[in-house]
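*Asks:* Generate coordinates for the sequence data below:
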Amino acid sequence: MEIASTHITRSNLATLSLRLRHVLNSAEFVSVDTEFTGLGTDSKTRAIDLRDRYAALREVAVGHALVALGLVAFERTGDGSFKMHCFSFILAPMDSHKVSPSSMAFLVDHGFDFNAQIRFGIPYKAGNDSEVHALPGTPNRIMRDLFTHILSLKVPIVIHNGLLDLMFMYQSFYAELPADLDTFVADLSDMFPAGIVDTKYISDYVTRESSSFLAYLFRKYERLMTRSNSISFIVAESIDVDPKIPSECLLPDGQLSATLSFRQLTRLPDSFVSKKTIGKRAKDAAEKEEKRGYCFQYASHGYCPSGPACVRSHDLDVILDAEEAAATRNKKRKSEAKGTPSNLDQENGIKNIANETALSKPALTLVKPAPKPPSATFDPIAPIVTKAANIFETYHSACFDAYMTGYVFCHQRLEGNTAAGLPVGISPVGEFVKTHGNKLYLMGKTTALNVVASSFSKRSKEHLRKRAIWDMKGATSEK
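*Replies:* This next block holds a predicted model:
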């Protein structure tokens with residue numbers, strides 16, 4: 001099968017941010033993977049003492065940087081199959097950072113385009129929230145809001161040998177990593193109450209596979225699931241948008257300037273310079289706009305004075321979905337007031353699958369690399385053709401690894417049912433996580449890192465501050 005993924009850059013992040021939230025809201029679990037600029041020294045990052053190891057890994061995560069994030073939302077459909085939404089984020093750190101020559105060579109050899117990263121990467125600032133770079137509408141704020149939105153959903157996070165991935169995401173999109181291991185573990189336990197599942201740990205210590213590297217597990221399980229036809233997968237089509245590039249970001253010859261676009265997206269927006277002068281009525285309207293998510297001006301008139309610089313979505317599908325949802329709520333409210341039953345269940349049961357590809361019998365996987373951003377002259381780029389026999393040796397990306405991780409997790413849950421003598425099919429994710437979750441694989445160790453806060457450990461102050469905010473938002477979205 002062919003994996004379709006949505007490539008998210010600095011040009012389309014704002015446009016797609018609300019769509020991303022809609023997709024994540026329906027996820028049963030989310031699998032993630034990252035790419036970064038270095039791994040550190042093995043003698044330190046594999047230290048026997050866990051506190052020494054954490055200190056070395058923390059130094060790596062603080063000193064190096066994320067360059068790519070793969071995120072796949074797995075949604076359970078009515079017939080028991082899974083619909084997978086795959087997103088590939090290309091990232092451009094705003095701070096100076098270290099790079100490892102071997103890591104750079106690995107990324108280049110496996111298809112990573114550093115020219116595209118510099119030109120199209122999403123600017124972000126690691127560490128604690130800062131007043132300037134965390135303002136609404138900036139790419140950095142959008143990425144942080146997206147991360148905390150995932151936390152507020154309280155769904156399991158699936159990784160493969162992902163301790164360092166978690167540390168990089170914490171440092172890049174959440175807060176400065178705690179100085180000690182116990183505090184970090186306490187924070188993780190609080191951030192992911194639904195659990196963290198490490199498929200590397202499960203394959204080594206639960207299913208006892210002969211090999212446990214990701215590509216091997218994926219290929220093995222894909223063959224098994226193809227023969228048994230036990231689960232069907234639906235891969236959602238990639239979301240294709242035509243981002244409008246502000247003229248301020250273009251060079252005289254019409255090409256996109258990496259420097260100008262980076263500066264444009266990381267500067268202090270004019271609308272916040274005089275925010276103290278905003279009256280109560282305007283402030284109330286702004287708060288409603290924040291809750292609404294899309295641009296009300298554009299939705300009402302088809303015109304927005306901010307044009308492509310508007311931080312609200314102009315996506316008509318998003319606007320129409322919100323309007324239909326509001327109409328449905330009003331209809332239900334009126335029906336309840338009259339004491340008459342409504343047909344909302346039937347209406348809500350209708351699903352649009354015109355843009356989805358059903359894969360009831362997946363064939364041998366043929367991987368299509370995530371589409372690259374347009375070149376400076378916006379010419380289409382020919383797809384990379386790779387033989388299926390050696391695809392896993394030659395192609396590597398955070399998005400595809402996240403997809404494989406989630407796929408492996410699905411099979412491990414199915415296998416867990418069989419071993420326990422339970423009915424055929426994938427059990428609820430919560431039951432599996434209770435048994436096998438919150439155990440992170442540690443290289444060179446015979447035991448896992450248990451993500452359970454001890455009675456003596458304290459959560460970090462920055463996490464507690466942020467938790468109060470995103471937990472409240474999550475509670476609001478559930479009502």
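*Asks:* So which residues of the chain form strands?
*Replies:* For the chain, the strands defined by DSSP state E cover 6-8, 29-36, 66-76, 82-93, 122-124, 157-159, 196-198, 233-236, 356-359, 439-440, 449-450.
*Asks:* Between those, which one is closest to Thr183.
*Replies:* Thr183 sits nearest to strand 449-450 of all the strands of the chain, at 13.8 Å, using C-beta to C-beta. Every residue, glycine included, has its C-beta placed from N, CA and C.
*Asks:* Show me the shaky parts of the stretch 101-250 of the chain.
*Replies:* Counting by pLDDT under 70, the ranges of the stretch 101-250 of the chain that qualify are 132-134, 229-235, 237-250.
*Asks:* Same list, the strands of the chain, but as JSON lines with distance to Ala402 and mean neighbour count please.
*Replies:* Converted to JSON lines, the strands of the chain look like this (distance: least, C-beta to C-beta, whole Å; neighbours: other C-beta atoms under 10 Å):
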{"stretch": "strand 6-8", "distance to Ala402": "13", "mean neighbour count": "25"}
{"stretch": "strand 29-36", "distance to Ala402": "4", "mean neighbour count": "25"}
{"stretch": "strand 66-76", "distance to Ala402": "4", "mean neighbour count": "24"}
{"stretch": "strand 82-93", "distance to Ala402": "7", "mean neighbour count": "24"}
{"stretch": "strand 122-124", "distance to Ala402": "17", "mean neighbour count": "23"}
{"stretch": "strand 157-159", "distance to Ala402": "8", "mean neighbour count": "26"}
{"stretch": "strand 196-198", "distance to Ala402": "13", "mean neighbour count": "27"}
{"stretch": "strand 233-236", "distance to Ala402": "13", "mean neighbour count": "20"}
{"stretch": "strand 356-359", "distance to Ala402": "18", "mean neighbour count": "15"}
{"stretch": "strand 439-440", "distance to Ala402": "17", "mean neighbour count": "21"}
{"stretch": "strand 449-450", "distance to Ala402": "21", "mean neighbour count": "16"}
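*Asks:* Check those strands for me: which has the lowest mean pLDDT.
*Replies:* Mean pLDDT values for these show the minimum at strand 356-359, a mean of 36.
*Asks:* rewinding a little: quick one: closest of the strands of the chain to Ala337.
*Replies:* strand 66-76 (33.0 Å).
*Asks:* list the helices and strands the closest one packs on?
*Replies:* Strand 66-76 sits against helix 13-25, strand 29-36, strand 82-93, helix 163-173, helix 398-419, with contacts defined as 3 or more C-beta pairs under 8 Å, 6 or more residues apart in numbering; DSSP states H and E.
*Asks:* Redo these as JSON lines? Include distance to Arg208.
*Replies:* Shown next, in JSON lines, are the helices and strands packed on strand 66-76 (distance: least, C-beta to C-beta, whole Å):
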{"stretch": "helix 13-25", "distance to Arg208": "33"}
{"stretch": "strand 29-36", "distance to Arg208": "22"}
{"stretch": "strand 82-93", "distance to Arg208": "25"}
{"stretch": "helix 163-173", "distance to Arg208": "21"}
{"stretch": "helix 398-419", "distance to Arg208": "11"}
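*Asks:* So which bits of stretch 120-139 are buried?
*Replies:* 120-126, 129, 133, 135, 137-139 (16 or more other C-beta atoms under 10 Å).
*Asks:* and Ser211, which of the helices and strands packed on strand 66-76 is closest to it?
*Replies:* Of the helices and strands packed on strand 66-76, nearest to Ser211 by C-beta to C-beta is helix 398-419, at 12.3 Å.
*Asks:* quick one, which of the strands of the chain is nearest to Phe456?
*Replies:* Nearest to Phe456, of all those, is strand 449-450, at 14.3 Å by C-beta to C-beta.
*Asks:* The closest one pairs with which strands, parallel or anti?
*Replies:* Here strand 449-450 is paired, per DSSP bridges, with strand 439-440 (antiparallel).
*Asks:* which outside residues touch the strand it pairs with?
*Replies:* Defining contact as C-beta atoms under 8 Å, 6 or more residues apart in numbering, one finds that strand 439-440 is touched by Ile159, Gly162, Leu163, Leu166, Ile196, Asp198, Tyr201, Tyr205, Ala448, Leu449, Asn450, Val451.
*Asks:* again, only this time at 10 Å
*Replies:* 159, 161-163, 166, 185, 188, 195-198, 200-202, 205-206, 447-452 (C-beta atoms under 10 Å, 6 or more residues apart in numbering).
*Asks:* So among those residues, which ones count as buried?
*Replies:* Here, 16+ other C-beta under 10 Å leaves 159, 161-163, 166, 185, 188, 195-198, 200-202, 205-206, 448-449, 451 buried among these.
*Asks:* and the end-to-end length of stretch 201-215?
*Replies:* 15 Å (C-alpha to C-alpha, to the nearest Å).
*Asks:* sorry, that was for stretch 452-465
*Replies:* 20 Å.
*Asks:* For it, give the mean pLDDT please.
*Replies:* 88.
*Asks:* that older thread, and the strands of the chain as CSV, adding distance to Pro101?
*Replies:* Shown next, in CSV, are the strands of the chain (distance: least, C-beta to C-beta, whole Å):
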stretch, distance to Pro101
strand 6-8, 27
strand 29-36, 14
strand 66-76, 15
strand 82-93, 18
strand 122-124, 23
strand 157-159, 26
strand 196-198, 29
strand 233-236, 36
strand 356-359, 40
strand 439-440, 28
strand 449-450, 29
